[in-house]
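Participant: A structural model of the following input is requested.
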Amino acid sequence: MKRGYDRTERVADLIQQALAQMLLQDMNDNRFQLITITGVNVSKDLSYAKIYVSVLIDEADKIKEMITDLNLAAKSLRFQLAKKVKLRIVPELKFVYDEAAAYGFKINSLLNKM
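Facilitator: So this is what the prediction gives:
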C-alpha cells in the first residue's frame, strides 16, 4: 500500500531545512547567506542529493563561482548535516543553480514594467 508522502520526499524536506539553517548560521563565508535552497531531489537509495539553489545576485560569473564554492564545501556540509540529521545514510550533496527562479524574476519584472 503506497502512502501519499514517501520517504525520499521526507528526507529531501529534512535536508532542505537543515542545509538552509546551516548556510544562514554556520558558514563562515557571508556570500552563502545570499543563497536560497529552492528544492532537493534525493535518489531512491538515499545515496545522492541534488540541491537546487537560487542566488540573490544577478551576475553570472559570481553565481557560477558561488555554486563552485558550494560544491567544494559539499563534504564539510555533508559532515555537518550528519550531525544535525538522524539518518543512517547521509547522501552525497551536489549543488545546482536553479534557473527557474531567475527566469521567474525576469518575467515578473517585465510584467511590472507593462
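Participant: For the lowest-mean-pLDDT helix or strand in the chain, what is the distance to the chain centroid?
Facilitator: Here the helix or strand of the chain ranked lowest by mean pLDDT, DSSP states H and E is helix 99-113, holding a mean of 80. Its chain's average C-alpha position is 21 Å from that of helix 99-113, according to Cα atoms, centre = their mean, to the nearest Å.
Participant: hmm, who's touching it?
Facilitator: By Cβ atoms under 8 Å, 6 or more residues apart in numbering, the surrounding residues in contact with helix 99-113 are 36, 38, 54, 58. The C-beta positions use only the backbone N, C-alpha and C, and glycine is treated the same way.
Participant: Between these, identify the one with the most neighbours.
Facilitator: The most crowded member of the contacts of helix 99-113, judged by other Cβ atoms under 10 Å, is residue 54 (20 neighbours).
Participant: and residue 36, which of the three is it?
Facilitator: strand (DSSP: H, G, I helix; E, B strand; the rest coil).
Participant: For stretch 30-39, give the distance from the opening residue to the closing one.
Facilitator: 21 Å (Cα to Cα, to the nearest Å).
Participant: Sweet, I'm off.
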